[in-house]
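Chemist: predicted structure and sequence below. I'll ask about it afterward.
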Amino acid sequence: MSLQLWKSEGENIRKFRSFRGNIIILEGLIGVGKTTLGYSLEAYLNQIGLSAKFFPEFKNVGLLKQYINDMKRYAYTFQIAMLMARLEIYRQADAFAKTGGISIIDRSLPGDYTFAKMQKEQHRFTNDEWLVYKRLIPLNLSEPNCIVMLNCDPIVAFERMKTRGEKSEISGYTLEYFQQLNTYYQQTFNDISHPIIIIDWNKSRQCIVDGSNVNRFLDIETCQYVLNAIWKKLYL
């Protein structure tokens, strides 16, 4: 169902039309707000007449709970499951982009690699598991046109994670885990070759709701701000 949340603006339609056929990836810490942004960009772009699709991160609730409760035991299984799901999402996003659509993905293969590297260096992967993982992850598959990094202090992301109310996350994740992950993210994305747009995502963002009063979307100004940042990085 089309969401009548925003008015179409000719200038933005002409500008954002250049995104057709592109793959845009949203990155950042757990709980930072990638999913909300992804669905908001999808809704906004479709509302102004452009074909866009958001590909949310795969969730296996049972396996996630097992991993959070016993990271040492389930780290390898969890990361392999996430990697396989990510590869399929990449394939779907690539196919959609090839039709002229705008694909928006929640988290990247380098993001997955960041988690796995942390697992290895925190001794949750064996050496053999790490070698297998590195053979399986093709970091150059369906390279995105750009990566949008939602830069957020670990303390802020940690508090946002708690507000979404998933009990296993609240009881299992620690601020230290978020701080460690942030360090590994900086290491990975400092050396990456993809165009990266870094956006300060510390402040709270205003949301609006659709007619069902269930789905939440970021306001038009935020959507335009992010899309303009992407456009400037890619085309100026």
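Modeler: That came through fine.

Chemist: can you count the residues close to K232?
Modeler: 11 (other Cβ atoms under 10 Å). Quick note: C-beta positions are derived from backbone N, CA and C, even for glycine.

Chemist: so it sits in a helix?
Modeler: Yes. Counting by DSSP: H, G, I helix; E, B strand; the rest coil, K232 is part of a helix.

Chemist: check the gap between it and D200 for me.
Modeler: Per Cβ to Cβ, to the nearest Å, K232 is found 16 Å from D200.

Chemist: and P110, by the same measure?
Modeler: Counting by Cβ to Cβ - P110 and D200 are separated by 21 Å.

Chemist: neighbour count winner among these two?
Modeler: Remark: of P110 and D200, P110 carries more neighbours, 21 against 9, as counted by other Cβ under 10 Å.

Chemist: what strand or helix carries that one?
Modeler: Assigned by DSSP states H and E, P110 falls within helix 109-121.

Chemist: quick one: distance of whatever helix or strand comes next after that helix to the chain centre.
Modeler: Note on helix 109-121: by DSSP H and E, the next helix or strand toward the C-terminus is helix 127-136. Helix 127-136 sits 24 Å away from the centroid of its parent chain (Cα atoms, centre = their mean, to the nearest Å).

Chemist: how about the strands in this structure?
Modeler: Assigned by DSSP state E, the strands in the chain fall at 23-27, 52-55, 102-106, 146-151, 196-200, 207-209, 216-218.

Chemist: could you tell me the least trusted of those?
Modeler: Of all the strands of the chain, mean pLDDT reaches its minimum on strand 207-209 (a mean of 60).

Chemist: mind checking which of the strands of the chain is nearest I89?
Modeler: Closest to I89 of the strands of the chain, according to Cβ to Cβ: strand 52-55, at 4.9 Å.

Chemist: tell me which other helices or strands the closest one touches.
Modeler: Applying 3 or more Cβ pairs under 8 Å, 6 or more residues apart in numbering; DSSP states H and E, one finds that strand 52-55 makes contact with helix 34-47, helix 71-98, strand 102-106.

Chemist: ok, and what's touching it?
Modeler: Residues outside strand 52-55 that contact it (Cβ atoms under 8 Å, 6 or more residues apart in numbering) are 19, 38-39, 41-42, 45-46, 89, 92-93, 96, 101-106.

Chemist: try it again with 6 Å
Modeler: Strand 52-55 is contacted by residues 38-39, 42, 45-46, 89, 93, 96, 101-102, 104-105 when judged by Cβ atoms under 6 Å, 6 or more residues apart in numbering.

Chemist: and stretch 103-119, by the same measure?
Modeler: 23-27, 34-35, 38, 41, 54-57, 75, 79, 82-83, 86, 93, 96-97, 125, 133, 137, 139, 147, 184-185, 188, 192.

Chemist: tell me how many other residues surround L234.
Modeler: Neighbourhood size, L234 [other Cβ under 10 Å]: 15.

Chemist: mind checking how far it is from F16?
Modeler: Using Cβ to Cβ, L234 is found at 11 Å from F16.

Chemist: got it, and E57?
Modeler: Distance, E57 to F16, using Cβ to Cβ: 24 Å.

Chemist: again with Q180
Modeler: Per Cβ to Cβ, Q180 is found 37 Å from F16.

Chemist: fine by me, thanks again.
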